[in-house]
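**Student:** how does the following fold in three dimensions:
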Amino acid sequence: MYHNKNSKYLIWFAVMLYTVLALFWLYASLTHKTGDYRLAFGATYGLMALTGAVVGFSKAGQWGGRKSTMGLTILFLAIGLAFAEFGQLVFSYYNIVKQVEIPYPSLADVGFFGSIPLYILGALYLGHTSGVKLSLKKPGIKLVAVIVPALLVFSAYHFFLKGYDFKGTSALQILLDFGYPIGQAIYVAVAVFVFLAVNSKLGGLMRSRILLVLVAFVAQFVADFNFLYQNSHDTWVNGGYGDMLYLTAYFVMTISLIRLCAPITSSSAREVT
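**Tutor:** Sure thing, here's the model as predicted:
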């Protein structure tokens, strides 16, 4: 009972933090098209990612930490959020302290791009935790395992990478430009596969939680894809709608981590019935 109440308090805190930050963004967007308010929002909304990371680090031990698959799932997702917050801090350092436009690629990409393999590992361990039978014998699951990443990569190619100019582009930027959408397509596809392939026992109780993680991955994919698109077209604005997409992605991932950390009890079964 204590743990369930604690999870509810954490969810309420995350919701309140998201509401305050969203209102701050709305105020800055409506009254200050440029200037300090937008920069301040860009520097503070990473608190949502930090909140999720702290929750994951503090609760993973209750699931066995590094000694259990669920503990590793939580830790990898939490570290992914921590990497994202590192990227946000570097981004804000360039904008506020150095007062220059952040280069791309930059140290910030260590955090942003570094979160991708961590999310992939988190998704893989989540599948193992949920009792997924990693068998592609079922035609439907096999089809999904191929179609989902293919559609995401095709979308990235059509809207962002089509006609890509390799001349004058550094090898690191090429790696990031292609690695971001491909890497994100992988963790989204893994999450979709896990959601469809969970068994009827523990996986059944975890189904709604896995769905929330999947939604968080999709939100992160949309935010990152939008950034790459806007950056390539020189339309990115600090504190603009792109930053709001990131805030929303961090919020959904934080909520999904809180739900993953909550104990599975008899009442948990009702969440999927």
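
**Student:** show me the shaky parts of this structure.
**Tutor:** Residue ranges of the chain with pLDDT under 70: 1-5, 32-34, 130-142, 145, 160, 199-205, 264-273.

**Student:** tell me how far the residue lying farthest from the centre of it lies from I182.
**Tutor:** Within the chain, K167 marks the point farthest from the mean C-alpha position, 31.5 Å out by C-alpha atoms, centre = their mean. Per C-beta to C-beta, to the nearest Å, K167 is found 22 Å from I182. For the C-beta atoms, the positions are set from N, CA and C on the backbone; glycine is no exception.

**Student:** and I174, by the same measure?
**Tutor:** On the measure of C-beta to C-beta, I174 and I182 end up 12 Å apart.

**Student:** who's more crowded, these two?
**Tutor:** I182 (16 against 13; other C-beta atoms under 10 Å).

**Student:** chain neighbours aside, what residue packs nearest to the more buried one?
**Tutor:** V153 (6.0 Å; C-beta to C-beta, 6 or more residues apart in numbering).

**Student:** work out for me the element the one you found sits within.
**Tutor:** Using DSSP states H and E, V153 falls within helix 139-156.

**Student:** so what secondary structure elements neighbour that helix?
**Tutor:** helix 171-197, helix 202-232 (3 or more C-beta pairs under 8 Å, 6 or more residues apart in numbering; DSSP states H and E).

**Student:** give the contact list for the residue nearest to G52 when sequence neighbours are not counted.
**Tutor:** Nearest residue to G52, sequence neighbours excluded (C-beta to C-beta, 6+ apart): T254, at 3.3 Å. Neighbouring residues of T254 by C-beta atoms under 8 Å, 6 or more residues apart in numbering: A14, M48, A49, T51, G52, V55, L81.

**Student:** relative to I210, which of those residues is nearest.
**Tutor:** The nearest member of these to I210, counting by C-beta to C-beta, is G52 at 16.7 Å.

**Student:** just to revisit the earlier point, among the contacts of T254, name the ones in strands.
**Tutor:** When DSSP state E is applied, these are split such that none fall in strands.

**Student:** show only the entries of the residues you listed found in helices.
**Tutor:** When those are checked against helices (DSSP state H), the matches are A14, M48, A49, T51, G52, V55, L81.

**Student:** gap between the most centrally placed residue in the chain and G183?
**Tutor:** Taking C-alpha atoms, centre = their mean, the centroid of the chain lies closest to Q220, which sits 4.2 Å from it. Distance of Q220 to G183, computed by C-beta to C-beta: 11 Å.

**Student:** same deal with I74?
**Tutor:** For I74, the distance to G183 - C-beta to C-beta - is 21 Å.

**Student:** more neighbours, these two?
**Tutor:** More crowded of I74 and G183, by other C-beta under 10 Å: I74, with 29 against 19.

**Student:** got a list of what the more buried one touches?
**Tutor:** By C-beta under 8 Å, 6+ apart, I74 lies in contact with G56, K59, A60, W63, G122, L257, L260, C261.

**Student:** and if you look at V110?
**Tutor:** By C-beta under 8 Å, 6+ apart, the contact set of V110 is F83, F86, G87, V90.

**Student:** tally of neighbours for A14?
**Tutor:** A14: 21 neighbours (other C-beta under 10 Å).

**Student:** my bad, should have said L50
**Tutor:** Neighbour count for L50, taken as other C-beta under 10 Å: 18.

**Student:** try L26
**Tutor:** Residues lying near L26 (other C-beta under 10 Å) number 12.
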